[in-house]
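Student: Quick one: sequence and predicted model below, then my questions.
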Amino acid sequence: MITELWRDKLDVIFPRSCVHCGGLVEGGRLRHLCPTCERLLFVVAAPHCTTCGHPYFGEMAENRLCEHCEALVPEFGEGKTAVLLQGPGRSLVHALKYHHGLHVLEDIAAIMAAVPGYAEYLRGAVLVPVPLHPRKLRARRYNQSRLLAECAAAATGGEACVEELVCRVVDTASQTHFDRATRQENLKNAFALAKGATINPAQRYVLVDDVFTTGSTLNACATVLRRGGALNLDVVTFGHG
Ligand SMILES: [Zn+2]
Ligand SMILES: [Zn+2]
């Protein structure tokens, strides 16, 4: 456990740089995003699409047809996202996913806790991370969705728990030689219930992924949980884009 005092000392020895602009982080609420970049962070608030969480702007609020998920037939109920995947939001996700930037998790947890309605949405749920294929997990050494699920659980003040109920049985990342349609089809069979996983029909489950792009990965995992008996099933992501 690092105390505040030690943190301050470490900051003198190893000054923190902003994951977005590379500048020095001094002051502000976050430790790895400078106050200027934090202001550029697009935090999602209502009104937003209830399926993918993308915010509605102006005139979109009327007809509620979302261009980001209109091609999706969701196997889940609702969806919510914390930030738009642009500018600093994208930098945070990229640091976590591609640069082993586990240090940004504390900022991500703080951002999640500050998103309107985010913690309330997750309260009382079992959070189920979208799994990585074991081969990918060995290469990256951690599943970012699992870590984000833990951040999300922390944002609820411990009123949600994380269970790895779904596993990935097909490494779709290694199927780049297939065309898009085939890969989409294969994605549908890429997941299975984890060994020993039990689903309680009375429990609400929320699938967690780092980003919402087309929703097809979340949907494939949702199908597995539905077949396993989950009746109350939603999704959440950190970023959208
Ligand atoms: Zn910055
Ligand atoms: Zn949508």
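Tutor: Perfect, thanks for sending it. Ligands and ions are numbered 1, 2, ... in the order given.

Student: Checking Gly22 next. Helix, strand or coil?
Tutor: coil (DSSP: H, G, I helix; E, B strand; the rest coil).

Student: how deep is it tucked in, by neighbour count?
Tutor: 10 (other CB atoms under 10 Å). C-betas here are computed from N, CA, C, even on glycine.

Student: And it, what's its pLDDT?
Tutor: The pLDDT attached to Gly22 in the predicted structure is 96.

Student: Please shift the residue numbers so they start at 6 in all later answers.
Tutor: Sure thing, new numbering starts at 6, so read that last one as Gly27.

Student: Quickly note the distance from it to ligand 1.
Tutor: 7 Å (CB to the ion, to the nearest Å).

Student: next one: Leu236
Tutor: The value you get for Leu236 to ligand 1, if CB to the ion is used, is 44 Å.

Student: Can you give me every residue that contacts that residue?
Tutor: Residues near Leu236 by CB atoms under 8 Å, 6 or more residues apart in numbering: Pro206.

Student: how close does it sit to Phe183?
Tutor: Remark: distance between Leu236 and Phe183 (CB to CB, to the nearest Å) = 34 Å.

Student: which one is Leu170 nearest to, not counting chain neighbours?
Tutor: Ala202 (4.3 Å; CB to CB, 6 or more residues apart in numbering).

Student: Could you give the number of residues near that neighbour?
Tutor: 16.

Student: Give me the residues contacting stretch 37-46.
Tutor: Outside stretch 37-46, the residues that reach it (CB under 8 Å, 6+ apart) are 21-26, 28-35, 88, 92-94, 96-97, 100, 106, 108-109, 111-112, 116.

Student: ok, and for that stretch, which residues are buried?
Tutor: Of the residues in stretch 37-46, His37, Leu38, Cys39, Cys42, Glu43, Leu46 count as buried by neighbour count, 16 or more other CB atoms under 10 Å.

Student: what two of those have the greatest distance between them?
Tutor: His37 and Leu46 (12.1 Å; CB to CB).

Student: May I see the PyMOL selection of the buried members of the contacts of stretch 37-46?
Tutor: If you want just the buried ones from these in PyMOL, going by 16+ other CB under 10 Å, the selection is:
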select buried, resi 21+23+24+25+26+30+35+88+93+94+96+97+100+106+109+112+116
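
Student: For the residue nearest to His108 when sequence neighbours are not counted, what is the enclosing helix or strand?
Tutor: Leaving out its chain neighbours, the residue that sits closest to His108 by CB to CB, 6+ apart is His37, at 6.1 Å. Using DSSP states H and E, His37 falls within no helix or strand.

Student: Now do the helices in the protein.
Tutor: 9-18, 40-45, 65-68, 93-103, 110-119, 123-127, 139-145, 149-160, 185-192, 221-232 (DSSP state H).

Student: With that, I have no additional questions.
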